[in-house]
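Undergrad: sequence-free structure coming up:
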């Protein structure tokens, strides 16, 4: 029996599906988070060069990966929404942006916390740090553009265009910053030469990456549900939900 | 139609010269503020000069973006342009080109004078002007997307800076980098070639993106 996947592109059926999926993802996220933090703090050995301070990578690396990955996912759904005029895709893109921006911020913040004991400074104009900062600006631009537009459909489309322009620009910006950095030879420290990691460290980090995934999915689904309710508040099915008290 | 748009926008700019002059003087004032804030030490100013001139050019070009579409939007001309059978991308290209002629070219012409104030050597002045000549059209083209997206929004002026400034970064890096490379005695061709590449890419894609932005903003 074939499942009609397009059924779930309707906000009403997606709303109930997401409602069923959220507890699962929350549960998995919590378990992975507990396991990852346990491995990170108790199992993984102390690094002989960096001491205990290296343990921040268990948060920093997943956050940095998610920040970049979520931007691409956001642009993808925004693009789908623009191309096929599907409302749900655009709502999903809108829901992804705050989570992505949050991970970017965490990556920058934990990076600074890590840099202080390692490099003796909170911030260096390293290529990766700089491009992460610019990524943060791109998220902020996307969110403030959508916030400034009152009509949600126009906000969706305008946001989609700026997200796609951003995605095209990310490689250009990344390589520009990298070349700019090598030209200046400013930062003598570099994050590129990571020492080979102990396998428990890698395991802990990967578990934390999956925990961040599950967390992101849960939060994004929840936010999408709220956006659906907000935008569909005039429809019959939302009114029925309200009557049943199922919200 | 393409030429008509450029002619018309230039005519409008000539009739309202104050707009052009404001942007130019903004550029001059911003560049002049730096020696006042960091001190008149010539060696330091010389190393800062490319960056300062480029940042000021970015800001000046961005400040005038609001005017690219807003007047036509307010009096309804833009809606007529959208209805016309001409390709909208071509119209946007015309608008961006006119914006460059009105704001970018005066900045390029003014840059050597400001460079002299910062005691740049003659060859560096030449590189600075060339880099600006190649880079300012990119600013106008990318800016057109931001201007089209923020058309008629409240607080559009500040918003447009959030949208376009991160996208200006590559041009800034290589624009200022060309002059710095020249002063350091290294070749600057690669920098100029990259800005040229940005120009070609944005010539192809920016009008198209800006045209779809306009359709979104006006629907």
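TA: Structure received. If you're wondering where the values come from, they're calculated on a predicted model, not measured in any experiment. Residues are numbered from 1 along each chain as shown, chains lettered A, B, ... in the order given.

Undergrad: state the number of residues packed around residue A:203.
TA: Using other Cβ atoms under 10 Å in any protein chain shown, the number of residues around residue A:203 comes to 17. Quick note: C-beta positions are derived from backbone N, CA and C, even for glycine.

Undergrad: ok so it is a helix residue?
TA: Yes. Assessed with DSSP: H, G, I helix; E, B strand; the rest coil, residue A:203 lies in a helix.

Undergrad: show the contacting residues for it.
TA: Each residue near residue A:203 by Cβ atoms under 8 Å, 6 or more residues apart in numbering or on different chains is listed here: residue A:39.

Undergrad: quick one: it from residue A:38, how far?
TA: 11 Å (Cβ to Cβ, to the nearest Å).

Undergrad: surely residue A:22 touches residue A:220?
TA: No. Between residue A:22 and residue A:220 there is no contact under Cβ atoms under 8 Å: 9.9 Å.

Undergrad: for those two, indicate the residue with more neighbours.
TA: Taking other Cβ under 10 Å, residue A:22 and residue A:220 do not tie; residue A:220 has more neighbours (26 against 18).

Undergrad: any idea how far residue A:237 is from that one?
TA: To residue A:237, residue A:220 is 22 Å away according to Cβ to Cβ.

Undergrad: repeat for residue B:131
TA: 58 Å.

Undergrad: do residue B:53 as well
TA: Taken as Cβ to Cβ, the span from residue B:53 to residue A:237 is 59 Å.

Undergrad: more neighbours: those two, which one.
TA: residue B:53 (30 against 14).

Undergrad: give me the buried positions along the strand or helix carrying that one.
TA: Per DSSP states H and E: residue B:53 is located in helix B:42-63. Across helix B:42-63, burial judged by 16 or more other Cβ atoms under 10 Å in any protein chain shown covers B:45-46, B:48-63.

Undergrad: and stretch B:98-108, by the same measure?
TA: By neighbour count with 16+ other Cβ under 10 Å, stretch B:98-108 contains the buried residues B:98-104, B:106-108.

Undergrad: I'd say residue A:60 and residue A:114 touch.
TA: Yes. Using Cβ under 8 Å, residue A:60 is in contact with residue A:114, at 6.2 Å.

Undergrad: the residue most central in space within chain A - nearest residue in space that isn't next to it in sequence?
TA: Nearest to the geometric centre of chain A sits residue A:100, at 3.1 Å (Cα atoms, centre = their mean). Spatial nearest neighbour of residue A:100, chain neighbours left out: residue A:70 (3.6 Å); criterion: Cβ to Cβ, 6 or more residues apart in numbering or on different chains.

Undergrad: which parts of the helix or strand encompassing the one you found are buried?
TA: Following DSSP H and E, one finds residue A:70 within helix A:57-84. Using 16+ other Cβ under 10 Å as the test for burial, helix A:57-84 gives A:57-71, A:73-82.

Undergrad: next one: stretch A:201-211
TA: Going by neighbour count (16+ other Cβ under 10 Å), the buried part of stretch A:201-211 is A:201, A:203-205, A:207-211.

Undergrad: what segments of chain A are helices?
TA: A:11-38, A:57-84, A:87-119, A:127-148, A:152-184, A:199-231, A:236-244 (DSSP state H).

Undergrad: Throw those helices into a markdown table and include distance to residue B:162 and mean pLDDT, thanks.
TA: Listed next are the helices of chain A as a markdown table, based on distance: least, Cβ to Cβ, whole Å; pLDDT from 0 to 100:
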| stretch | distance to residue B:162 | mean pLDDT |
| --- | --- | --- |
| helix A:11-38 | 29 | 90 |
| helix A:57-84 | 16 | 91 |
| helix A:87-119 | 13 | 90 |
| helix A:127-148 | 5 | 90 |
| helix A:152-184 | 10 | 85 |
| helix A:199-231 | 22 | 90 |
| helix A:236-244 | 33 | 82 |
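
Undergrad: can you list these in a markdown table and add distance to residue B:38?
TA: Supplementary listing: the helices of chain A in a markdown table, determined by distance: least, Cβ to Cβ, whole Å:
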| stretch | distance to residue B:38 |
| --- | --- |
| helix A:11-38 | 47 |
| helix A:57-84 | 34 |
| helix A:87-119 | 26 |
| helix A:127-148 | 22 |
| helix A:152-184 | 19 |
| helix A:199-231 | 43 |
| helix A:236-244 | 59 |
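
Undergrad: among these, which is nearest residue B:4?
TA: Closest to residue B:4 of the helices of chain A, according to Cβ to Cβ: helix A:152-184, at 26.6 Å.

Undergrad: quick one: that closest one near chain B?
TA: Yes. Contact of helix A:152-184 with chain B (Cβ under 8 Å from any Cβ of the partner chain) involves A:154, A:157-158, A:161-162, A:164-166, A:168-169, A:172-173, A:176-177, A:179-180, A:183.

Undergrad: about what we covered before: among the buried residues of stretch B:98-108, name the ones in helices.
TA: B:98-99, B:106-108.

Undergrad: how much space separates residue B:163 from chain A?
TA: 5 Å (Cβ to the nearest Cβ, to the nearest Å).

Undergrad: where does that residue land in three-state SS?
TA: From three-state DSSP, the assignment for residue B:163 is helix.

Undergrad: neighbours of residue 113, how many?
TA: Chain wasn't specified; assuming chain A. By other Cβ under 10 Å, neighbour count at residue A:113 equals 15.

Undergrad: should've been chain B
TA: 11.

Undergrad: pretty sure it is in a helix, no?
TA: Yes. Membership of residue B:113 in a helix is supported by three-state DSSP.

Undergrad: near chain A, which residues of chain B?
TA: Applying Cβ under 8 Å from any Cβ, we find that chain B lies next to chain A at B:145, B:149-150, B:153-156, B:159, B:162-163, B:165-167, B:169-170, B:173-174, B:177, B:181, B:198, B:205, B:209, B:212-213, B:216-217, B:219.

Undergrad: circling back to that earlier point, give me the helices and strands touching the helix holding residue B:53, please.
TA: Where contact means 3 or more Cβ pairs under 8 Å, 6 or more residues apart in numbering or on different chains; DSSP states H and E, helix B:42-63 is packed against helix B:17-38, helix B:105-117, helix B:122-149, helix B:156-183.

Undergrad: quick one: it to chain centroid distance?
TA: Distance, stretch centre to chain centre, for helix B:42-63: 13 Å (Cα atoms, centre = their mean, to the nearest Å).

Undergrad: what sits closest to residue A:152 if chain neighbours are left out?
TA: With Cβ to Cβ, 6+ apart, the residue lying closest to residue A:152 is residue A:231, at 5.7 Å.

Undergrad: can you get me a residue count around that neighbour?
TA: 18.

Undergrad: hmm, it is touching residue A:153, no?
TA: No. Checked against Cβ under 8 Å, the pair residue A:231 and residue A:153 is beyond contact range at 9.3 Å.

Undergrad: and chain A, which residues reach chain B?
TA: So far as Cβ under 8 Å from any Cβ goes, chain A lies against chain B at A:134, A:137-138, A:140-141, A:144-145, A:148-149, A:154, A:157-158, A:161-162, A:164-166, A:168-169, A:172-173, A:176-177, A:179-180, A:183.

Undergrad: pull the contacting residues for residue B:103.
TA: Counted by Cβ under 8 Å, 6+ apart, residue B:103 has contacts B:20, B:23-24, B:60-61, B:64, B:136, B:140.
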